[in-house]
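J.: Sequence below, structure please.
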Amino acid sequence: EVTRQVAADPADGWNVEIAASVQDICAENPELSHVEFRYPSSGHQTLTIDIDGCMLGLFHGHQASQNNVMKFLSGHAAGQTALGGADVWVSGHYHNFRTMDVGNRLWIQAPTTDPGSEWYRDRSGMESNPGLLTMVIGGDFDPRENISVLGVDK
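T.: Residues are numbered from 1 along each chain as shown. Okay, the predicted model is just below:
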């Protein structure tokens, strides 16, 4: 979301509207009508989805510093939130690809898909490598065996 103001509902921002527009386009195309879209509930900045028995937890990442993600997730586990019970977590705020085993769970920091970020460059002094995260999860699939980052042109 463009703003992190407390008064703003994260489920009612331009980023959600973009996804809703893509959903409308998919619904108009019979070949894409099977694609499902999920959104966080009003007032929430996280989403947890059951994918064939694998709980996937999604959060943007601004809620915790990159070096403190385990503290953030531990708080959710202690609070027994849906996010705290996820098997695989994906965040995106930090513009670079990273994975970390958390016991038998997995945290994935997705790379950015933008062609360059002044915010990231100003904050870190570095450029980020854009890429699109892909993985197979659910059922008997282990995302560690099926994770990939596809290159994106700058």
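
J.: now the helices for the chain?
T.: With helices called from DSSP state H, the chain shows them at 14-28, 69-78, 118-124.

J.: any chance of these in TSV, with distance to residue 49 and mean pLDDT too?
T.: Using the backbone N, CA and C atoms, a C-beta is placed for each residue, glycine as well. Output for those, formatted as TSV (distance: least, CB to CB, whole Å; pLDDT from 0 to 100):
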stretch	distance to residue 49	mean pLDDT
helix 14-28	14	89
helix 69-78	15	91
helix 118-124	27	81
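
J.: tell me the pLDDT at the residue lying farthest from the centre of the chain?
T.: Going by CA atoms, centre = their mean, the residue of the chain most distant from its centre is residue 30, 27.0 Å out. What the model reports as pLDDT for residue 30 is 95.

J.: Lowest mean pLDDT among the helices and strands of this protein, which one is it?
T.: The weakest-scoring helix or strand in the chain, judged by mean pLDDT, DSSP states H and E, is helix 118-124 (a mean of 81).

J.: so what's the backbone phi/psi at the residue farthest from the centre of the chain?
T.: phi -50, psi -30 (degrees, to the nearest 10).

J.: my guess is residue 43 meets residue 9, correct?
T.: Yes - shown here, residue 43 and residue 9 form a contact pair, counting by CB atoms under 8 Å, at 6.0 Å.

J.: And these two? Which one has more around it.
T.: residue 9 (13 against 9; other CB atoms under 10 Å).

J.: contacting residues around the more buried one?
T.: 42, 43 (CB atoms under 8 Å, 6 or more residues apart in numbering).

J.: gap between it and residue 56?
T.: 23 Å (CB to CB, to the nearest Å).

J.: now swap in residue 106 and tell me
T.: 10 Å.

J.: Who does the closest residue to residue 90 other than its chain neighbours form a beta bridge with?
T.: Of all residues not flanking residue 90 in the chain, residue 108 sits nearest, at 4.9 Å (CB to CB, 6 or more residues apart in numbering). Beta-bridge pairing for residue 108 (DSSP bridges): residue 90, residue 99.
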